[in-house]
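Trainee: got a sequence here, can you build the structure:
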Amino acid sequence: MSQSLLIFVAFIALMYFMMIRPQQKTAKKRQSMLNEIKPGTEIVTIGGLHGKIDSLDKDTFSLDADGVFLTFERSAIRTVVENKDAAEVVETTDAPVVAENTKIVDETSSVKEDAVSTKED
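Mentor: A predicted model of the protein is given here:
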């Protein structure tokens, strides 16, 4: 009897740490993101609209999307766009040139000719 009770309690504890706890962490992270938003912050809404926060109320905010001002619920904010200046600069290198005077073959012309010849047959 006590062994089955122990297994049941262990199962409940496992469920808590595997499912409920990560959800609570995600909710805290989202709430902290929403609390840190201020006018001028660039965001993306759940509908995919990009813009800057113009004004904030307790439950709503006004979004400036290139001169168009829209009012949304605060819960409509999906993500905060990171500062573009802080983006990592990626360096590119040019690919080496294999041959300077390589003849370019137009393979599509032979395919088109084959298609025309099969239609006429």
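Trainee: gap between the two ends of stretch 43-54?
Mentor: In stretch 43-54, first residue to last residue: 11 Å (C-alpha to C-alpha, to the nearest Å).
Trainee: report the buried residues of that stretch.
Mentor: Across stretch 43-54, burial judged by 16 or more other C-beta atoms under 10 Å covers 43, 45, 51, 53. (C-beta placed from N, C-alpha, C; glycine too.)
Trainee: do a quick rundown of the strands in this protein.
Mentor: Along the chain, the stretches classed as strands by DSSP state E are 42-45, 50-56, 60-65, 68-73, 77-80.
Trainee: list the contacts of the first one.
Mentor: It refers to strand 42-45. 37, 50-53, 63, 72, 76-81 (C-beta atoms under 8 Å, 6 or more residues apart in numbering).
Trainee: adjacent strands (with direction) for that strand?
Mentor: Sheet pairing for strand 42-45, assigned by DSSP bridges, gives strand 50-56 (antiparallel), strand 77-80 (antiparallel).
Trainee: can you add mean pLDDT and distance to residue 22 and give these back as TSV?
Mentor: Formatted as TSV, the strands paired with strand 42-45 follow (pLDDT from 0 to 100; distance: least, C-beta to C-beta, whole Å):
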stretch	mean pLDDT	distance to residue 22
strand 50-56	94	28
strand 77-80	93	19
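Trainee: distance to residue 27 for those strands - can I get that in a markdown table?
Mentor: Below are the strands paired with strand 42-45 laid out as a markdown table (distance: least, C-beta to C-beta, whole Å):
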| stretch | distance to residue 27 |
| --- | --- |
| strand 50-56 | 20 |
| strand 77-80 | 14 |
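Trainee: out of those, nearest to residue 4?
Mentor: strand 77-80 (44.7 Å; C-beta to C-beta).
Trainee: list the buried residues for the closest one?
Mentor: Buried-residue list, strand 77-80, by 16+ other C-beta under 10 Å: residue 77.
Trainee: can you name the residues in contact with it?
Mentor: With C-beta under 8 Å, 6+ apart, strand 77-80 has contacts from 33, 34, 36, 37, 41, 42, 43, 44, 45, 46, 61.
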